[in-house]
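Trainee: coordinates only, no sequence provided:
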């Protein structure tokens with residue numbers, strides 16, 4: 001019985017959120033820097049002026065093809081701007097789950113619009129990490145959420161360690 005209690009506490013215990021929050025800030029900052037490196041090349045990489053093509057839009061009904069084909073340059077810029085805004089929202093921990101949903105959807109969209117022609121292998125890891133952050137409490141300290149709800153950027157609430165453990169397993173298996 002003692003083994004099972006320890007096992008349960010190790011996987012599902014409640015811990016301070018500082019490690020997850022620091023990882024959130026570092027990962028979001030990395031995503032922001034990566035997005036900034038793509039910004040000068042948005043028309044050449046993600047628009048209808050690019051050497052990209054939709055992987056499977058030809059299999060969709062004609063009404064859905066404009067959603068899946070590379071967009072005009074102005075729309076590509078709007079989508080890239082939304083991506084940068086989502087990275088900033090995730091970084092600041094303000095509406096973290098909303099901005100993570102936006103990032104996940106945009107990652108799927110960029111994957112569809114020939115992101116697989118570019119550095120794609122680690123983008124799969126991004127998807128897993130963002131999914132784990134979605135169920136974590138990484139915005140429970142060092143975030144605008146805590147500043148708004150508790151009046152201090154440094155306030156914190158206990159969170160489950162489970163997403164942190166899953167992330168450790170994922171990184172161990174990957175590397």
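Mentor: Arrived safely. Please read these numbers as outputs of a predicted model, since none were measured by experiment. Residues are numbered from 1 along each chain as shown.
Trainee: any idea how far the residue nearest the centre of the chain is from residue 98?
Mentor: Closest residue to the average C-alpha location of the chain: residue 130 at 3.8 Å, with CA atoms, centre = their mean. From residue 130 over to residue 98 the distance is 13 Å, taken as CB to CB, to the nearest Å. Heads up, the C-betas are built off the backbone N, CA and C, glycines and all.
Trainee: residue 42 and residue 76 touch, don't they?
Mentor: Yes - counting by CB atoms under 8 Å, residue 76 is a contact partner of residue 42 at 5.3 Å.
Trainee: which residue packs closest to residue 140, ignoring adjacent ones?
Mentor: residue 17 (4.1 Å; CB to CB, 6 or more residues apart in numbering).
Trainee: now do the same contact list for that neighbour.
Mentor: When the contact criterion is CB atoms under 8 Å, 6 or more residues apart in numbering, the partners of residue 17 are 137-138, 140-141, 156-159.
Trainee: and the residues you listed, which two are furthest apart?
Mentor: 138 and 158 (12.9 Å; CB to CB).
Trainee: of the two, which one has the most company?
Mentor: residue 138 (30 against 12; other CB atoms under 10 Å).
Trainee: report the secondary structure state of that one.
Mentor: Under the three-state scheme (DSSP: H, G, I helix; E, B strand; the rest coil), residue 138 adopts coil.
Trainee: who's in contact with it?
Mentor: 17, 20-21, 23-24, 93, 96, 159, 163.
Trainee: who wins on neighbours among these?
Mentor: Neighbour max across these (other CB under 10 Å) = residue 24, 27 neighbours.
Trainee: how far does the helix or strand harbouring it sit from the chain's center?
Mentor: If you go by DSSP states H and E, residue 24 is part of helix 18-38. Relative to the centre of its chain, helix 18-38 is centred 9 Å away, using CA atoms, centre = their mean, to the nearest Å.
Trainee: what's it packed up against?
Mentor: Helices and strands touching helix 18-38, by 3 or more CB pairs under 8 Å, 6 or more residues apart in numbering; DSSP states H and E, are helix 73-92, helix 121-134, helix 162-174.
Trainee: please repeat the previous calculation with a cut-off of 10 Å.
Mentor: Contacts defined by 3 or more CB pairs under 10 Å, 6 or more residues apart in numbering; DSSP states H and E place helix 18-38 against helix 42-46, helix 73-92, helix 96-112, helix 121-134, strand 159-160, helix 162-174.
Trainee: thinking again about what came up before, just the pLDDT at the residue nearest to the centre of the chain, thanks.
Mentor: For residue 130, the model assigns a pLDDT of 95.
Trainee: go on, residue 52?
Mentor: Value listed for residue 52 in the pLDDT field: 61.
Trainee: okay then, goodbye and thanks.
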